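In: I'll drop the sequence and a predicted model, then ask my questions.
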Amino acid sequence: MGLLLGVDIGSSSSKAVLASGDGEVLATAERAHAVERPAPGWAEHDADGTWWGDTKRLCHDLGLGPRHRVAAVCVSGIGPCLLLADSAGRPLRPAILYGIDTRAVAQIRALGRRLGSRRILEVCGSPLTSQAVGPKLAWVQQHEPDVWARSRRFYMASSYVVHRLCGAYVLDHHSASQCVPMYDLGRLTWHHPWAQRLAGSVRLPRLVWPAEQVGTVSTAAERSTGITRGAAVCAGTIDAWAESVSVGVREPGDTCLMYGSTTFLVQQVGAPRPDPRLWTTVGVRPGTLTLAAGMATTGSVTEWLRQLMGSPPWPALYAEAERVPPGSLGLVTLPYFAGERTPIFDGDARGLIIGLSLEHGRGALFRSLLEGVAFGVRHNLEVMGEVSGLVPRLLATGGGARNRPWLQIVSDVTGLPQRAPGAVTSAAHGDMLLARSLLPSAGPAAVPEPEGELIRPDPTAAAAYADGYDVYRRLYPRTRGLMHRTAALQRRAGTASVGVLG
């Protein structure tokens, strides 16, 4: 039957899964990489060095070659991103990443005024935010006219690797539905009046579904990766939605909660109810819709604190945090260290730790960060419940979900049980399942019920978080103006130090 390959390009690492034709995982590989931040509010990747380079390195790590006949491959990646390329698909500048890149604040405001924020929500299902591709296109046009003049194509992480594998210039419907304001959610096609205005001479990619075959691996790609020439190539999609496939999101209310460098939530819903606090998007399969929410810094902010503390081992930090009672001895953290996405959509929001005293040690600080993320998850889930009317079934995944204390804190704060990940849950595993659907004899990919531990909330701990959550919800509205002033100061400082426009 041949082998299946799933590859996922993440924010801080890339992963690959090699499986047999029946879906049994045979090998995995992972490569770390960095997010480049050349100016305040910017977040970029080198597409050739990181996206395509990691793909080649992962295939080498898996030992792909003549002895391994790969039948189908699927790629997912961070998104929505913007990689501008020439007519041959050669990148013209580093890729501008998803909502953690907040450079296009002025363009978001200008487009909102020009097109009408309410009309954008009606057509696209999502508001115009730092997550959207349209304002990023406008930013390049305004600030990098030389690049813009040569731009003829745009890619995301998954679609660029697909291009390198088989030469296709495509984008899946889900990823396109995050190209606000360029996609019509109701008609499942490009909204040409706005898309053509924003894209200019950049040709729009052909729209396909994530599990659709878009080509076969070329001879050149086989030489670079070891993937069998002629292997079927899936269109792929954005990583969070591939990850939702891996944990079995398929019914209304199923909610994938991803613990990574950022936190992301994907909830399947029955009908669209666009709300300006969330993203409403096309799902992975035709006929499905999802609500999505995302926090800008989660795993990345805990790593920031760990480095400031001299990089102690993670187990030691978690042990110290567990010795601190719920509520972190009166500390409350707003984890808006790179702005925030849902539900406030404020790229100029900033991190805040309140209640510090000389009695607080690193265990209390670390626990406060974990609790701050949990408060953010609760805030997003409450908004999702208001919009969908559904009770979420939480399915945890991602690297951070291996930390049992963090999952317990989130369940205690939200009051919701969550299923911890089993042996294999990742976007790359979801990619493998999507690739399996291309095998003629395989039929639809079957996703078993999750087998991980069910984390149940502790009512005693939940009561201890009530005051902290109330403080959390009050902090942002009362400090927003000051946050924006400090963000402006940071942009001016960044401009002076690196000589670029923020």
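Out: Thanks, I have it. Numbers count the residues shown, from 1 in each chain.

In: shaky segments in the stretch 1-150 of the chain?
Out: Applying pLDDT under 70 to the stretch 1-150 of the chain picks out residues 1.

In: that one: strands as residue ranges?
Out: Counting by DSSP state E, counting those that start in this stretch, the segments of the stretch 1-150 of the chain that form strands are 3-9, 13-19, 25-32, 44-45, 70-77, 83-85, 95-96.

In: can you check the stretch 351-500 of the chain too?
Out: Assigned by DSSP E, counting those that start in this stretch, the stretch 351-500 of the chain shows strands spanning 352-354, 393-397, 418-419, 454-455.

In: the longest one pairs with which strands?
Out: Neighbouring strands of strand 393-397 in its sheet, by DSSP bridges, are strand 254-259 (parallel), strand 418-419 (parallel).

In: mind listing the strands the next helix or strand after the longest one pairs with, and their directions?
Out: Sequence-wise, the next helix or strand downstream of strand 254-259 (DSSP states H and E) is strand 263-269. Taking DSSP bridges as the criterion, strand 263-269 pairs within the sheet with strand 254-259 (antiparallel), strand 289-295 (antiparallel).

In: mean confidence for the shortest one?
Out: It stands for strand 254-259. Throughout strand 254-259, pLDDT has a mean value of 94.

In: what does the longest one give?
Out: Averaging pLDDT along strand 289-295 gives 95.

In: pretty sure residue 117 is touching residue 128, no?
Out: Yes. With contacts counted by C-beta atoms under 8 Å, residue 117 reaches residue 128, the gap being 6.7 Å. Placement of C-beta: from N, CA and C, glycine included.

In: quick one: which of the strands of the stretch 351-500 of the chain is nearest residue 491?
Out: With distances scored as C-beta to C-beta, the stretch of the strands of the stretch 351-500 of the chain nearest to residue 491 is strand 352-354 (18.3 Å).

In: give the buried residues for the closest one.
Out: By neighbour count, with 16 or more other C-beta atoms under 10 Å as the criterion, the buried positions of strand 352-354 are 352-353.

In: residues touching residue 221, list them.
Out: For residue 221, the set of contacting residues under the criterion of C-beta atoms under 8 Å, 6 or more residues apart in numbering consists of 164-166, 227, 229.

In: among these, which ones are in strands?
Out: Nothing among the contacts of residue 221 maps onto strands, per DSSP state E.

In: from these, which land in helices?
Out: In this view, the contacts of residue 221 that belong to helices under DSSP state H are 164-166.

In: most neighbours, which of these?
Out: With neighbours defined as other C-beta atoms under 10 Å, the most crowded of these is residue 165; it has 28 neighbours.

In: so who does it touch?
Out: Contacts were defined as C-beta under 8 Å, 6+ apart; by that measure residue 165 touches 73, 75, 215, 217-218, 221, 225, 227, 233.

In: and residue 47, by the same measure?
Out: When the contact criterion is C-beta under 8 Å, 6+ apart, the partners of residue 47 are 83, 91, 94-95, 155, 157, 160.

In: try it again at 7 Å.
Out: Counting by C-beta atoms under 7 Å, 6 or more residues apart in numbering, residue 47 touches 83, 91, 95, 160.

In: again with residue 79
Out: With C-beta under 7 Å, 6+ apart as the criterion, the residues that contact residue 79 are 98, 156-157, 175, 178, 238.

In: 8 Å instead, please
Out: The neighbourhood of residue 79, defined by C-beta under 8 Å, 6+ apart, consists of 98, 156-158, 175, 178, 238-239.

In: rebuild these as TSV, extending it with distance to residue 44 and secondary structure.
Out: As requested, these are arranged in TSV below (distance: C-beta to C-beta, whole Å; DSSP: H, G, I helix; E, B strand; the rest coil):
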residue	distance to residue 44	secondary structure
98	11	coil
156	14	coil
157	12	helix
158	17	helix
175	18	helix
178	18	coil
238	17	strand
239	17	helix
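
In: so where do the strands sit in the stretch 201-350 of the chain?
Out: Along the stretch 201-350 of the chain, the segments classed as strands by DSSP E, counting those that start in this stretch run 206-208, 213-216, 232-234, 237-238, 254-259, 263-269, 279-282, 289-295, 332-334.

In: can I get these in CSV with distance to residue 13?
Out: As requested, the strands of the stretch 201-350 of the chain are exported to CSV (distance: least, C-beta to C-beta, whole Å):
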stretch, distance to residue 13
strand 206-208, 27
strand 213-216, 25
strand 232-234, 21
strand 237-238, 16
strand 254-259, 14
strand 263-269, 15
strand 279-282, 24
strand 289-295, 18
strand 332-334, 25
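
In: hmm, back to that, between the ones in helices among the contacts of residue 221, which sits nearest residue 363?
Out: Proximity of these to residue 363, judged by C-beta to C-beta, is greatest for residue 164, which lies at 45.7 Å.

In: you'd agree the closest one is up against residue 54?
Out: No. Look at residue 164 against residue 54 with C-beta under 8 Å: they stay out of range, at 11.6 Å.

In: go through the contacts of residue 79 and say which is closest to residue 452.
Out: Using C-beta to C-beta, the contacts of residue 79 come closest to residue 452 at residue 239, 19.7 Å.
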